[in-house]
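In: A predicted structure for the sequence below; I have some questions about it.
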2 protein chains.
Amino acid sequence: MKHIAVILCGGSGSRLWPLSRQLEPKQFHSFGGDASLLAQTVKRADQLAFLDEILIVSSSAHQHLLRAHVQPFTTKTTHYLLEPVARNTAAAIASAAHYIERHIASSSAACMIVMPSDHYMTDPLAFEKSIQTSIIGAQSGRLMTFGIKPTQPETGYGYIERGRALEEAGCYEVARFVEKPNLAKAQEMIANPDFAWNSGIFVFHTNTLLAEMQQFEPAIFESSKSSVDQGDTKHAFFTLDKASLETCPSKSIDYAVLEHSKKIAVVTMQADWSDLGSWGAVSDLASSKAGVDALHPVISIAANGNYVNARKAVAIVGLNDLIVIDTADALLIAHKDHSQSVKNVVDQLKNQLPGLVESHTKVQRPWGSYESLHQSAAHQLKYIEVEPGGQLSLQSHEHRAEHWVVVAGQATITVGDLRSDYTVGQHVYIEKKQKHRLENHTQEPVAIVEVQIGNYLGEDDIKRYDDVYGRV
Amino acid sequence: MKHIAVILCGGSGSRLWPLSRQLEPKQFHSFGGDASLLAQTVKRADQLAFLDEILIVSSSAHQHLLRAHVQPFTTKTTHYLLEPVARNTAAAIASAAHYIERHIASSSAACMIVMPSDHYMTDPLAFEKSIQTSIIGAQSGRLMTFGIKPTQPETGYGYIERGRALEEAGCYEVARFVEKPNLAKAQEMIANPDFAWNSGIFVFHTNTLLAEMQQFEPAIFESSKSSVDQGDTKHAFFTLDKASLETCPSKSIDYAVLEHSKKIAVVTMQADWSDLGSWGAVSDLASSKAGVDALHPVISIAANGNYVNARKAVAIVGLNDLIVIDTADALLIAHKDHSQSVKNVVDQLKNQLPGLVESHTKVQRPWGSYESLHQSAAHQLKYIEVEPGGQLSLQSHEHRAEHWVVVAGQATITVGDLRSDYTVGQHVYIEKKQKHRLENHTQEPVAIVEVQIGNYLGEDDIKRYDDVYGRV
């Protein structure tokens, strides 16, 4: 039996705007100077003694971000499954099961440990113990869900009510699932030891899951199977077939299978856990756990209980219980009691200023990142970082000339027919229409300052001739 | 009789931090995209039909800012009096009176119209009419104060109670001055037509003022006289003698003279007026007057009555009556009821992070401004603007080389022995230790992007060989 951690990395985390953006959502951020939530999840999986391999399921849009958040945190064989379109957790888990059966282990020989990539958890020993318990349940053909013993009457989580104890020690039948309750209901439930928060962690054998999926959601079963059968491997990333996935119904695993299946069971874990589903949850954690979030120094005058995430000095006067999130191009100020309404802000912005939902001013690219620092009608100033081994496409621009000054590392630069290495302080001029390319063939990051000059400076003024990331 | 507007420009405006900074205080800022408060004050003075000349009293630290805020707004002869140290309003007004008697008009031939540079006022006709009334009072040897008819029980202002009417129509004796009252007292006063806000505007003849000053504050009289006698004119700026001023007691004109003199009288004006003495006052004005402040679009969810001054998207959720002031390096969030406590923030910062009280990231210089946009241990990126006619000193650096790219206008650049004109898109490289200079001899602004490369990038690595602003 192979044990495979399936890490679901497709979330958009819009309730943690403005830090979380579509092109760099919540799971790629750290909360407190530690590794990102995804990296912490990979580490947590990697530390499970019985684990064999890791499978990351992610959006294609985040492909270039994945390695940096995964590779340093595991020594296990890691697979990357990319979704060209998002189809919720049922499709992601079914695709992962099909992929495992086709590429990793035979149908009756794989146990999936499914976990979200964007939650917070401490106590790896308690986690491992509960996973072991649920593995025994899974061996008996159960779909194991994972309950967390509640510590407060949380209205933002779903709950699981357990039924009678099963033969497998620590496993219980599921009496029912309860959706996000009101406060009175939540208070009632936490007084009852049979209720636990639904963590979104699941353990089951691939064949158990797929049989149930075929029974309750045959369309999801078929299209996810087809997305694997017709998928495509490139640069160690397996991309699911887009056309197949587009026909797939979009449902959560809970609605698609768990709420219908007779095979569900639950184990309950006692540990610090949070879904970090809102800034309120992030701030609760920051105030309860020293070191969970490293806050910038804040000047507070008649001000208490404020959560600040900013890269500059912040002064708060005469105000309590605020959430203050400051980024280069957007500032959020919310009362903690209203942190769920941040999604309404994002909805408004999607129409008015979609760029603020999509990406940060520092834009991640397959080869590194760039940030626009200053702009007028006639010029734009960019700071460009190229990761070790990264290279931009061979390209030219119709409407702008560019000055480059290397400010870190050793850059390999092509201009016209010339290709040379340039070190810190050296300057290159690229005329309009001239082919050029920036590469980093060293082990250290390269950074350049780019001064664009032209009467049109849009990102779409780019003609690509060659690109290692297939963007020609 | 010469009528001279004396505009007091020495305030530091720390309660409007973080927009107001020591090197660029309140009077140099506009509130709503209009001209700065100083420029508006100059314009208001300039429009007085009977006005002959204008005298600006300012800190030496702001010398380079003055012309741009004054010249475009007046055609009258303008004098600049610079204080090398701040000594409050009594010294500023006494120095101005001495200067006028020595350099502009004889002792009995000058009427000063003293006004703060950082207040808001509408209705220039009502203003002119009241000034004319007070000029008649001043002709009778009165020290005329200027009351504003209150519109709400303001606890942030001082009040003047008028006594019996004088022979001069519209002029009244002053019964007493009342310092900032509590709310009950303020409510009592605004119900009584004899009370008015003390606007800080004064009208008197130089000899009247100086005689009273000599009687009540001989030390201020003498040291301000000496600061003028031993002052020094350079580039059309008259700098008061520093040693003399340092010996001068620091008192407000109210404490030094007005509260003791038997010659005081008051005229009362009905007009929209505000001292903009706190963000609360600024926001009151913004909400009462369309166009007084151009606010950046704000996403508000369950949020009302918030005042936002920012150059990026701001979302406010579940919060009312906030003051939000966002600048490149500091963010203030205050409840409107606590806006007076901003001075406590500034007091804390003076110890912890004095740079945030002193200047903005965009630093004003005699020739224009610069802003640091990006920095590492090995490089710094600056955006440099040079005003028409401006020129940087001829200089060199020991520890850094510089790349310049012209991004606006036509720059005259000296590198080593070569001096040439450069247009947008052209690049210049300056080696370590090489003499260089940037000049703008056109009528349009010049802007360059500077990329500094070196192992030490401090502002103090500068050797000046020649400087039109006397900084060698």
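Out: Looks like it came in fine. Bear in mind that the values here come from a model prediction, so they are computed numbers and not experimental data. Numbers count the residues shown, from 1 in each chain, chains lettered A, B, ... in the order given.
In: and A:L331, how many residues sit next to it?
Out: As a burial measure, A:L331 scores 23 neighbours (other C-beta atoms under 10 Å in any protein chain shown). Quick note: C-beta positions are derived from backbone N, CA and C, even for glycine.
In: can you tell me which residues contact it?
Out: By C-beta atoms under 8 Å, 6 or more residues apart in numbering or on different chains, the contact list for A:L331 reads A:P18, A:V324, A:I325, B:A310, B:K312, B:A313, B:V314, B:A315, B:V324, B:D326, B:L331.
In: Quick one, which of those residues are buried?
Out: Listed as buried from these are A:P18, A:V324, A:I325, B:A310, B:A313, B:V314, B:A315, B:V324, B:D326, B:L331; burial here means 16 or more other C-beta atoms under 10 Å in any protein chain shown.
In: Against chain A, how distant is the fourth one?
Out: Looking back up the chat, that one is B:A310. In this view, B:A310 and chain A are 7 Å apart by C-beta to the nearest C-beta, to the nearest Å.
In: in a helix, that's where A:L285 is, yeah?
Out: Yes. According to DSSP: H, G, I helix; E, B strand; the rest coil, A:L285 belongs to a helix.
In: That one touches A:D275, doesn't it?
Out: No. The pair A:L285 and A:D275 fails to qualify as a contact (C-beta atoms under 8 Å) at a distance of 10.5 Å.
In: Helix or strand: which one has A:Q215?
Out: helix A:206-216 (DSSP states H and E).
In: circling back to that earlier point, give the residues shared as contacts by A:L285 and A:D275.
Out: In contact with both A:L285 and A:D275: A:Y120, using C-beta under 8 Å, 6+ apart.
In: Give me the subset of the contacts of A:L331 that lies in strands.
Out: Taking DSSP state E as the definition of strands, these contribute A:V324, A:I325, B:A313, B:V314, B:A315, B:V324, B:D326, B:L331.
In: Relative to B:V415, which of the residues you listed is nearest.
Out: Nearest to B:V415 among those, counting by C-beta to C-beta, is B:D326 at 38.7 Å.
In: That closest one: what's it in contact with?
Out: A:D326, A:L331, B:V308, B:N309, B:A310, B:R311, B:K312, B:V314, B:L332.
In: for chain A, where's the lowest mean pLDDT among helices and strands?
Out: helix A:279-288 (a mean of 83; mean pLDDT, DSSP states H and E).
In: which residues touch it?
Out: Counting by C-beta under 8 Å, 6+ apart, A:15-16, A:31-32, A:120, A:156, A:274-276, A:292-293, A:295, A:305, A:307, A:323, A:325, A:332, A:334, A:336-337, A:339-340, A:342 sit against helix A:279-288.
In: distance between that helix and the chain's centre?
Out: Remark: helix A:279-288 is offset 19 Å from the chain centroid, using C-alpha atoms, centre = their mean, to the nearest Å.
In: and what of stretch A:376-392?
Out: For stretch A:376-392, the distance to the chain centre is 25 Å (C-alpha atoms, centre = their mean).
In: Then stretch A:216-234?
Out: 22 Å.
In: Give the buried residues for that stretch.
Out: Quick answer for stretch A:216-234 (16+ other C-beta under 10 Å): A:F216, A:E217, A:I220, A:F221, A:E222, A:S223, A:S224, A:K225, A:S226, A:S227, A:V228, A:G231.
In: Dump the residues you listed to CSV, plus secondary structure and pLDDT.
Out: Below are the buried residues of stretch A:216-234 laid out as CSV (DSSP: H, G, I helix; E, B strand; the rest coil; pLDDT from 0 to 100):
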residue, secondary structure, pLDDT
A:F216, helix, 98
A:E217, coil, 98
A:I220, helix, 98
A:F221, helix, 98
A:E222, helix, 98
A:S223, helix, 98
A:S224, helix, 98
A:K225, helix, 98
A:S226, helix, 98
A:S227, helix, 98
A:V228, helix, 98
A:G231, coil, 97
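In: could I get those residues as JSON lines with distance to chain B?
Out: Compiled in JSON lines, the buried residues of stretch A:216-234 are given as follows (distance: C-beta to the nearest C-beta, whole Å):
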{"residue": "A:F216", "distance to chain B": "38"}
{"residue": "A:E217", "distance to chain B": "36"}
{"residue": "A:I220", "distance to chain B": "35"}
{"residue": "A:F221", "distance to chain B": "41"}
{"residue": "A:E222", "distance to chain B": "42"}
{"residue": "A:S223", "distance to chain B": "37"}
{"residue": "A:S224", "distance to chain B": "37"}
{"residue": "A:K225", "distance to chain B": "43"}
{"residue": "A:S226", "distance to chain B": "42"}
{"residue": "A:S227", "distance to chain B": "37"}
{"residue": "A:V228", "distance to chain B": "41"}
{"residue": "A:G231", "distance to chain B": "39"}
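In: With pLDDT and distance to A:E371 added, can I get the contacts of A:L331 in a markdown table?
Out: Output for those, formatted as a markdown table (pLDDT from 0 to 100; distance: C-beta to C-beta, whole Å):
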| residue | pLDDT | distance to A:E371 |
| --- | --- | --- |
| A:P18 | 96 | 15 |
| A:V324 | 94 | 22 |
| A:I325 | 94 | 19 |
| B:A310 | 89 | 20 |
| B:K312 | 89 | 15 |
| B:A313 | 90 | 17 |
| B:V314 | 93 | 21 |
| B:A315 | 95 | 22 |
| B:V324 | 94 | 24 |
| B:D326 | 94 | 19 |
| B:L331 | 95 | 20 |
